[in-house]
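Novice: Everything below, folded, please.
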Amino acid sequence: MKSNLSALILAGILGLLIVAIGLSFLFGIDNPVSWILILVLIAIPLLYRRITARGQMVWKEAYSVGVAALDEDHKKLIDLLNQFQTAYEYHTSDAFERRALNELIDYTKYHFQREEQLMEEHGYPDLERHKEKHQEMIAEVDRFVADYEIRGHAALADVAHYLMGWLITHINGTDKHYGPFLNRQGVN
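Specialist: Numbers count the residues shown, from 1 in each chain. I've put the predicted structure just below:
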């Protein structure tokens with residue numbers, strides 16, 4: 001609701017600026033007010049984009065686990081999480097929210113299988129504990145999805161908050177342990 005209101009306010013401000021620019025040109029093309037208003041009109045969407053992007057996750061090289069394929073998976077997970085975050089923040093539609101959530105969950109499960117298979121193929125000694133972490137996360141997300149089925153959009157704030165925190169904590173925590181091991185096995 002808050003995001004919808006801020007987008008509506010932004011649209012109103014942009015509309016007023018366009019009218020003001022049109023009116024100021026009535027005083028001549030060399031009127032400095034017209035050009036200042038045009039600069040303000042250009043600056044507002046850029047500032048708005050920067051402000052709204054603050055809630056989005058950005059890949060940092062510090063997140064790298066040293067295995068290119070898994071780093072690419074993690075980048076995709078961050079992108080999908082950002083898409084989900086946008087669907088939630090702007091409450092675009094129930095269908096879009098559900099699709100964004102399902103894509104994120106499906107890709108997370110795919111990534112977990114791929115990661116576990118790679119660790120199994122190379123004899124990662126802490127595989128079982130890593131699998132348990134994955135299973136705990138999936139169980140928690142399943143609880144959130146069940147809550148979403150009951151409460152709808154209102155339940156998504158908890159999902160977004162949990163997933164953002166979990167993803168970075170997991171990548172920088174447990175995932176960092178297997179990177180050096182797999183690198184020693186020749187996986188880069």
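
Novice: what about the residue nearest to His91 when sequence neighbours are not counted, is that helix, strand or coil?
Specialist: Among residues not flanking His91 along the chain, His153 sits closest, at 5.9 Å (CB to CB, 6 or more residues apart in numbering). Heads up, the C-betas are built off the backbone N, CA and C, glycines and all. For His153, the assignment made with DSSP: H, G, I helix; E, B strand; the rest coil gives helix.

Novice: Would you tell me which helix is longest in the protein?
Specialist: Looking across the chain with DSSP state H, the single longest helix is helix 94-121.

Novice: In terms of secondary structure, what does that helix contact?
Specialist: Contacts defined by 3 or more CB pairs under 8 Å, 6 or more residues apart in numbering; DSSP states H and E place helix 94-121 against helix 68-89, helix 127-151, helix 156-170, helix 176-184.

Novice: thinking again about what came up before, please report how far the residue nearest to His91 lies from Gly22.
Specialist: His153 sits 39 Å away from Gly22, taking CB to CB, to the nearest Å as the criterion.

Novice: okay, these two: which has more neighbours?
Specialist: More crowded of His153 and Gly22, by other CB atoms under 10 Å: His153, with 14 against 11.

Novice: got the contact list for that one?
Specialist: Residues near His153 by CB atoms under 8 Å, 6 or more residues apart in numbering: 88, 91, 94, 97.

Novice: Flag whichever of the residues you listed scores worst on pLDDT.
Specialist: Ranked by pLDDT, the contacts of His153 bottom out at His91 (75).

Novice: name the element it belongs to?
Specialist: Assigned by DSSP states H and E, His91 falls within no helix or strand.

Novice: shouldn't it be in contact with Glu97?
Specialist: Yes - His91 is in contact with Glu97 according to CB atoms under 8 Å; the separation is 7.3 Å.

Novice: Neighbour count for these two, which is higher?
Specialist: It is Glu97, of His91 and Glu97, that has more neighbours when counted by other CB under 10 Å, with 21 against 15.
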